[in-house]
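Undergrad: Need coordinates for the below:
(one chain, ligands or ions: 1)
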Amino acid sequence: MATYQATASAPVNIACIKYWGKRNTKLILPTNSSLSVTLDQDHLRSTTSSRADASFEKDRLWLNGKEEEIERDGRLWVCIDALRKWRQEMEQADSGLDKISAYHVHFASHNNFPTAAGLASSASGLAALVASLSHLYSLPQTPSQLSLVARQGSGSACRSLFGGYVAWRMGEKEDGSDSLAEEVASREHWPEMHALICVVSDAKKGTSSTSGMQRTVQTSPLLQHRIKEVVPGRMDDISKAIREKDFESFAKITMRDSNSFHAVCLDTEPPIFYLNDVSRSVIAVVEELNRAAGKPIAAYTFDAGPNAVIYTLEENMPKVLNLINRFFPQEASFANPFKMDWQSAQVPEGFNTKVVPEGGWEKGAVKSLIHTRVGDGPRKLDDGESLLNEDGMPK
Ligand code: DP6
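TA: Residues are numbered from 1 along each chain as shown. Presented below is the predicted three-dimensional model:
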């Protein structure tokens, strides 16, 4: 008997223009377009295996070995259902195809980074599930079409179906058929983009993005200004900066948009605070580095939590690593995957160390660092890498 299974991995993405707010919570249609950089799966990835079999009694999913419920009409269910319908249409049009859409599916999913790192695992996780099931079903849909499905699992997941620099166009239609992700530039276009994730807290965040953003939609007048006056221009400007590999503009826009996003959080009633003192201290260090360098050479951005992501070009990463390691000593030693000599990096002359508390932060204020760079889109993996055993149960 044939075995129907597929395994795929998908990347994490970190937005430079933030998605914050939905105009339709069921279809997950955003109130503004957004843009992100896809990070390298060599360092951060979610992997999902899916298998369809006549003997399975229901759809089941195991996340990092623990079974999660697939709630009917829930986000996960909606994604699986949409892909199954596409397969059904193919089977109806071609009687030679195996009728696997009638079978239940088992999924096993794994993140190679600790969920406790506070990184958004939902984006890479949902994208890996959509990629793997689309391979299992041999779907002809393009990554943009698949992004329509991933979007309904978690908004930011739609951007993880592409590598490089990715825009999520908000679209106008009520049915959401034009709210999809598109590549702005490939990773090969600007491969020098590196990212340093400073893990500030591994505590579970207080306000989830899903509930926080709707509170902002309901109460923040500043969000209306952001949606109408701020984001559209920034989408154009940052796309141009990426096309022209203009890091200065890219950095300015990225930092301003992170600050604009945290400003609308503060403008929410009751206010939402994601940044803490350590986050603000990372901002101060990056701002001072840029001032001393005479131009922006690094850019910070923060999602719905206190962790900082610092974008910088490869050539400037040693300086960034030098400063972060100096002022924010960690408990765990830094893995240094690119073997950069940051210890002897020259920090720009005139850098004012007074921006950080005397002597730097206590050990562990930044718990760990993850150094990565711009990466590729979802990868199809061999059966040898399957997370499911012969019986279709998690390994
Ligand atoms: C701050 O995609 O996690 O990271 O659509 O409700 O699942 P849901 O929200 P989610 O929100 C991400 C918000 C953000 C900004 C961004 O990634 O653009």
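Undergrad: in the stretch 1-150 of the chain, which spans are strands?
TA: Using DSSP state E, counting those that start in this stretch, the strands found in the stretch 1-150 of the chain span residues 4-11, 13-17, 22-24, 29-30, 34-38, 45-53, 60-63, 66-68, 104-111.
Undergrad: Between those, which one is closest to the ligand.
TA: Closest approach to the ligand among those is made by strand 13-17 (3.4 Å; Cβ to the nearest ligand atom). All C-beta atoms are positioned from the backbone trio N, CA, C, and that covers glycine.
Undergrad: when you scan that closest one, is anything in it near the ligand?
TA: Yes - for strand 13-17 and the ligand, the contact criterion (Cβ under 6 Å from any ligand atom) is met by residue 15.
Undergrad: Determine which stretch of the strands of the stretch 1-150 of the chain is the most buried.
TA: Highest mean neighbour count of the strands of the stretch 1-150 of the chain: strand 34-38, a mean of 28 (counted as mean count of other Cβ atoms under 10 Å).
Undergrad: and that strand, what's its mean pLDDT?
TA: Here strand 34-38 scores 98 as its mean pLDDT.
Undergrad: Stretch 52-64 now?
TA: 97.
Undergrad: change the start of the numbering to 46 and stick with it
TA: Done: numbering now begins at 46, and the last item shifts to stretch 97-109.
Undergrad: now the end-to-end length of it.
TA: Taking Cα to Cα, to the nearest Å, the span from the opening residue of stretch 97-109 to its closing residue is 20 Å.
Undergrad: next one: stretch 423-436
TA: Using Cα to Cα, the end-to-end distance of stretch 423-436 comes to 26 Å.
Undergrad: Mind listing what's buried along it?
TA: Across stretch 423-436, burial judged by 16 or more other Cβ atoms under 10 Å covers 423, 424, 426, 431, 432, 433.
Undergrad: Just the mean pLDDT for that stretch, thanks.
TA: For stretch 423-436, mean pLDDT rounds to 96.
Undergrad: Neighbours of residue 78, how many?
TA: Residues lying near residue 78 (other Cβ atoms under 10 Å) number 18.
Undergrad: I'd guessed it sits against residue 213; true?
TA: Yes - between residue 78 and residue 213 there is a contact at 6.1 Å, judged by Cβ atoms under 8 Å.
Undergrad: What's the separation between residue 351 and the ligand?
TA: Separation of residue 351 from the ligand (Cβ to the nearest ligand atom, to the nearest Å): 12 Å.
Undergrad: same thing with residue 277?
TA: Applying Cβ to the nearest ligand atom, the value for residue 277 to the ligand is 16 Å.
Undergrad: Is there a neighbour count for that residue? I'd like the number.
TA: By other Cβ under 10 Å, 14 other residues sit near residue 277.
Undergrad: rewinding a little: want to try CSV for the buried residues of stretch 423-436, with secondary structure as columns?
TA: Below are these laid out as CSV (DSSP: H, G, I helix; E, B strand; the rest coil):
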residue, secondary structure
423, coil
424, strand
426, strand
431, coil
432, coil
433, strand
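Undergrad: Go through those and name the one nearest the ligand.
TA: Nearest to the ligand among those is residue 423, at 17.0 Å by Cβ to the nearest ligand atom.
Undergrad: what's the closest one in contact with, if anything?
TA: Going by Cβ atoms under 8 Å, 6 or more residues apart in numbering, residue 423 touches 53, 54, 55, 56, 172, 173, 176, 188, 205, 206.
Undergrad: what's the answer for residue 88, then?
TA: Here residue 88 is in contact with 382, 415, 416, 417 (criterion: Cβ under 8 Å, 6+ apart).
Undergrad: Also residue 53?
TA: Taking Cβ under 8 Å, 6+ apart, we find residue 53 in contact with 92, 93, 173, 176, 177, 180, 423, 424, 425, 426.
Undergrad: residues from this structure in reach of the ligand?
TA: Contacts of the chain with the ligand, taken as Cβ under 6 Å from any ligand atom, map to 60, 63-65, 73, 79, 165, 167, 199-201, 254-255, 348-349.
Undergrad: Residue 343: which of the contacts of residue 423 is nearest?
TA: Checking the contacts of residue 423 against residue 343 with Cβ to Cβ, the nearest one is residue 56 at 21.7 Å.
Undergrad: Tell me what the closest one is bridged to.
TA: Beta-bridge pairing for residue 56 (DSSP bridges): residue 90.
Undergrad: who are the neighbours in contact with it?
TA: 83-86, 89-90, 169, 172, 205, 208, 420-423.
Undergrad: which one of the residues you listed has the most neighbours?
TA: In the contacts of residue 56, the most neighbours by other Cβ under 10 Å go to residue 172, 37 neighbours.
Undergrad: how far away is residue 284 from residue 229?
TA: Plainly put, residue 284 is 5 Å away from residue 229 if you go by Cβ to Cβ, to the nearest Å.
Undergrad: got any ranges where the stretch 96-245 of the chain has weak pLDDT?
TA: Counting by pLDDT under 70, the ranges of the stretch 96-245 of the chain that qualify are 160-163, 165.
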